[in-house]
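Novice: Structure here, sequence nowhere to be found:
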C-alpha cells in the first residue's frame, strides 16, 4: 500500500448519511443523480432526490425519470419543485449532505446553498463542469488549473467555498450509461451504414466516462468527507479517447465497419455545435484529485461498455427507427462524399 | 558505515491546512503544494537501507541521463563506476556547475573502459569487480544484458532505462504501465530486455521515459525548435499540429532513477517517467519560443504525404498522439517532477543552446522543401 494514499486519512467505514440530491430535469447530467441515488441507497444511506419542475411534466416521460421507481423501491424519496423553494419542497427535513446537480450559475444555486447552510447541512457537493477550464496547449486539465473567470459555474464554486467549511466540487465531461437523458454514443450508432462526419482532424481528445464511475466518485466523497473536503474533483474517466477513436469503438461495438470523413466546419458552412455532439477541440481533463485523495479508481472500459450500450440501443428498437441526417447530408454534399442508400 | 533507515509512511500535512492557504480560483495549482518534494519527502524516507553505500555500475553515463544520474549518486555517497568505450570524456564540467562541485565529482567517479558489445569482456570485468547495483542506461537488446546478469549473481538490483515507445499505439490514452505493449515496435529490444529481467529472477526495476529533454540532449528535441527560432524561421509542423506528445526533463528522470534505488516498492515494477502535463506540437513550438525569449513563432502546417524527404526526418516527433501517465510513479514512489514544460525548456536553453552549444548543426533542407511548396501554392 503506497504511503502516499490519502485513504488512510478517513478509512473508517461510512456511517449512514442523509443525502439530498437536487437533480436537473434534462440534459447529460440528469443520469448522474439517478445512479448516485441508487448507489447511496445500495450502501444503506438515506436519499431524497428532488427533480426540478413538475412531476407531471413531459420531461418526466424520458429516462432516467421514467425509471424513478428504481429509486423509490430501494427506499429513496422522490419530490419535485423549484430550487428557489427547496426548504418548503422538502418540508423542513434535514440532511447531512447535499448534492446540487442542477444549477449552472449562482442565481440558481444560491438559494440551495443558503437553505442547506441554514438547515444544518454539513457537506455541500456540486456538479460543476470541466467545460470551465481555460483551453490549453498543455493538456490535460488538472484540478487547480485556470478556469474561465466568467463561467457561471465558477461563481457557484466560489460561493460554496465561502459558505461551507466542508464542500466538494465535481467537474464532469461526457458520460454514457443506461438511463442517459442525452445522446452520446447514440449519435455514432445512428450513423451505421453512413459516413461519419467528424470536424477537424479527428485527433481531438475527449473524455467519456461510464456514469457508474461518476457515481462511485460522489459516493466516496460522501463516505470520506474529510478526504473530500475543500477539493475540486475532475469527474471523468481515467482515459481519454480521440473523436476518431470513439467513432471506431462505436462501430466495433455495433459490429460494423466505419467510414470517417473529416471536414472543416467553416469551409462547408456547418455549425459544428449542431453537427457533432462533442467539442471541436481538445477537451480532456484527468481525474487526478479523485485518485490522490479519495482512492477512487475508474472502471470505464469503452470497448466493453459500448458493446453493452449497443445491445440496449437495439433492444429499444432505435436501430430500426427511420432517421433524418439533414446536417450530415449538407456536409457530405459540400465534400462530394457519396452516401450509400 | 551503513546507516539503516527504517521505511516509514511519509507524514502528510492535513488537507485543510494546505487548502485554506490556496485560492482555487486564480489558477494556483492545487496539487502542487501538497506534493512538492521538499515538503513531503524528507531525503531517504522512502529508502530501505539505501543510505548504506552501494557499489554501483552505470552502463553508459557520459552522454546525457547518466551525466546527471551519476552526480546524484556520488552526492549520496555511493561508489559509482561508468562503463563506456571512452569515446566521450569520462567527465565534463556541466554548464552552471561550480568548480568545486565538479572537482569533487571528478575525483570520485570511476571508469571501466570497454565495449559492451564485447560480451566476454563485460562478463569478466564485471565479475572481477563485483557490483551491488547496475543501472543500464544505454542497453538496447536483451543479449547485452545477459553477460551482466551472468557476471553478478548476487546483484541487489538491476535498474533499466526502457522506453514508453514499447506501448502499442491506441485510440485510448494515456499509456499506462498495465497497457498492451507492441512486440513489433522499434523498441522491441527494450521489451525483450524487460522480459529477460523478469524471467531471470533478479530484482529489477524498469523506467519508461517518453521524450527526454534538458541540457546536453543529443536527440534534437528542443534543439530542433531552438535552431529555427534563432534563425527566425517558420516552424513546419506536420498535419494539424494538435498531436499530443510529452516531454520529461532529464534531471527529473535522474531523480526518478535515484528514487528507485534500494526501494522495495520499485521491485519488479515498471514506471512511466515524464512530465505531468502533455503538450500539442503547436504548443511545444510556442513553449520553446517562450523558453528562449523568442517572439511567438510562425507555424506552418503541411501534409507529409505530399513530400519525399528521403532519409531525412522533417520533424523530431512521431506523427501521432504519444503520451504516458506518470500517476503510478507519483502514487507508489512519491515522485513529482520538478520542472514544468516552460521551466524545463528554459533550463535547457539557459544551460545549453542559449550559450551557443548544441549537438547537431541546423539543417533546414526539409523545411525549405515544405516552405517552397507551401508558399508556391499561396502565390
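Specialist: In hand now; what should we look at? Keep in mind that this is a model prediction, so the values were computed, not measured.

Novice: residues from the stretch 151-300 of chain B in reach of chain A?
Specialist: B:171-174, B:239-240, B:242-244, B:265, B:276-280, B:282-284, B:286-287 (C-beta under 8 Å from any C-beta of the partner chain). For the C-beta atoms, the positions are set from N, CA and C on the backbone; glycine is no exception.

Novice: from those, which ones fall inside strands?
Specialist: B:172-173, B:244, B:279-280 (DSSP state E).

Novice: distance between the ends of stretch A:138-152?
Specialist: Length of stretch A:138-152, first residue to last, C-alpha to C-alpha, to the nearest Å: 24 Å.

Novice: er, stretch B:228-236 actually
Specialist: 9 Å.

Novice: again with stretch A:284-296
Specialist: 18 Å.

Novice: In contact with residue B:130, which residues?
Specialist: Contacts for residue B:130 (C-beta atoms under 8 Å, 6 or more residues apart in numbering or on different chains) come out as B:55, B:152, B:154.

Novice: Please indicate which of those are buried?
Specialist: residue B:152 (16 or more other C-beta atoms under 10 Å in any protein chain shown).

Novice: Out of the contacts of residue B:130, flag the one nearest to residue A:166.
Specialist: residue B:55 (52.8 Å; C-beta to C-beta).

Novice: Just confirm the closest one contacts residue B:132, I think it does.
Specialist: Yes - with contact defined as C-beta atoms under 8 Å, residue B:55 reaches residue B:132; the gap is 4.8 Å.

Novice: What about the contacts of residue B:130, which are in strands?
Specialist: Per DSSP E, the contacts of residue B:130 map to strands at residue B:55.

Novice: would a markdown table of the contacts of residue B:130 with pLDDT be doable?
Specialist: Putting these into a markdown table (pLDDT from 0 to 100) gives the following:
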| residue | pLDDT |
| --- | --- |
| B:55 | 98 |
| B:152 | 98 |
| B:154 | 97 |
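
Novice: low-confidence ranges in chain A?
Specialist: A:1-14, A:340-341 (pLDDT under 70).

Novice: I should have written chain B there, sorry.
Specialist: Ranges of chain B meeting pLDDT under 70: B:1-51, B:378-379.

Novice: would you list every one of the helices in it?
Specialist: Ranges of helices in chain B, per DSSP state H, are B:15-20, B:30-35, B:37-40, B:65-75, B:99-108, B:119-129, B:142-151, B:188-200, B:222-230, B:250-259, B:281-292, B:327-333, B:341-351, B:365-378.

Novice: what sits up against the fifth one?
Specialist: Translated: helix B:99-108. B:70-71, B:74, B:79-80, B:91, B:93-94.

Novice: from those residues, which is closest to chain A?
Specialist: residue B:71 (26.6 Å; C-beta to the nearest C-beta).

Novice: Pull the contacting residues for the closest one.
Specialist: B:94, B:105, B:254.

Novice: I'd like the residues you listed written out as JSON lines, with neighbour count added.
Specialist: Formatted as JSON lines, the contacts of residue B:71 follow (neighbours: other C-beta atoms under 10 Å in any protein chain shown):
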{"residue": "B:94", "neighbour count": "17"}
{"residue": "B:105", "neighbour count": "19"}
{"residue": "B:254", "neighbour count": "23"}
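
Novice: and the residue of the stretch 51-200 of chain A found nearest chain B, how many neighbours?
Specialist: With C-beta to the nearest C-beta, the shortest gap between the stretch 51-200 of chain A and chain B falls at residue A:137, namely 2.6 Å. If you count neighbours by other C-beta atoms under 10 Å in any protein chain shown, residue A:137 ends up with 20.

Novice: Following the host helix or strand of residue A:273 in sequence, what is the next regular element?
Specialist: Using DSSP states H and E, residue A:273 sits in helix A:272-275. Sequence-wise, the next helix or strand downstream of helix A:272-275 (DSSP H and E) is helix A:288-289.

Novice: could you flag which of the contacts of helix B:99-108 are buried?
Specialist: B:70-71, B:74, B:79-80, B:91, B:94.

Novice: ok, which pair from those is furthest apart?
Specialist: Farthest pair in the buried ones among the contacts of helix B:99-108 (C-beta to C-beta) is B:79 and B:94. Separation: 20.8 Å.

Novice: so when I look at residue A:116, I'm seeing a helix, right?
Specialist: Yes - counting by DSSP: H, G, I helix; E, B strand; the rest coil, residue A:116 falls inside a helix.

Novice: Ignoring the adjacent residues along the chain, who's closest to it?
Specialist: residue A:98 (4.6 Å; C-beta to C-beta, 6 or more residues apart in numbering or on different chains).

Novice: Counting neighbours, what do you get for the closest residue to residue A:269 other than its chain neighbours?
Specialist: For residue A:269, ignoring the flanking residues on the chain, the nearest one in space by C-beta to C-beta, 6+ apart is residue A:334 at 7.0 Å. As a burial measure, residue A:334 scores 15 neighbours (other C-beta under 10 Å).

Novice: Helix, strand, or coil at residue A:334?
Specialist: Strictly by three-state DSSP, residue A:334 counts as helix.

Novice: what about the closest residue to chain A within the stretch 201-350 of chain B, distance to residue A:136?
Specialist: Relative to chain A, the nearest point of the stretch 201-350 of chain B is residue B:283 (2.6 Å; C-beta to the nearest C-beta). The spacing between residue B:283 and residue A:136, counted by C-beta to C-beta, to the nearest Å, is 8 Å.

Novice: what's the nearest residue to the closest residue to chain B within the stretch 151-300 of chain A if we skip its chain neighbours?
Specialist: Nearest residue of the stretch 151-300 of chain A to chain B (C-beta to the nearest C-beta) works out as residue A:245 at 2.6 Å. Distances taken as C-beta to C-beta, 6+ apart place residue B:171 nearest to residue A:245, at 2.6 Å, with adjacent residues excluded.

Novice: Double-check that neighbour against residue A:241; I have them as touching.
Specialist: Yes - if you go by C-beta under 8 Å, residue B:171 and residue A:241 touch, sitting 5.6 Å apart.

Novice: tell me the contacts of residue B:274?
Specialist: Residue B:274 touches B:164, B:209-211, B:246-248, B:323-324, B:326, B:337, counting by C-beta under 8 Å, 6+ apart.

Novice: ok, now with 10 Å
Specialist: Residues near residue B:274 by C-beta atoms under 10 Å, 6 or more residues apart in numbering or on different chains: B:164, B:174, B:207-212, B:245-249, B:252-253, B:256, B:323-326, B:329, B:337.
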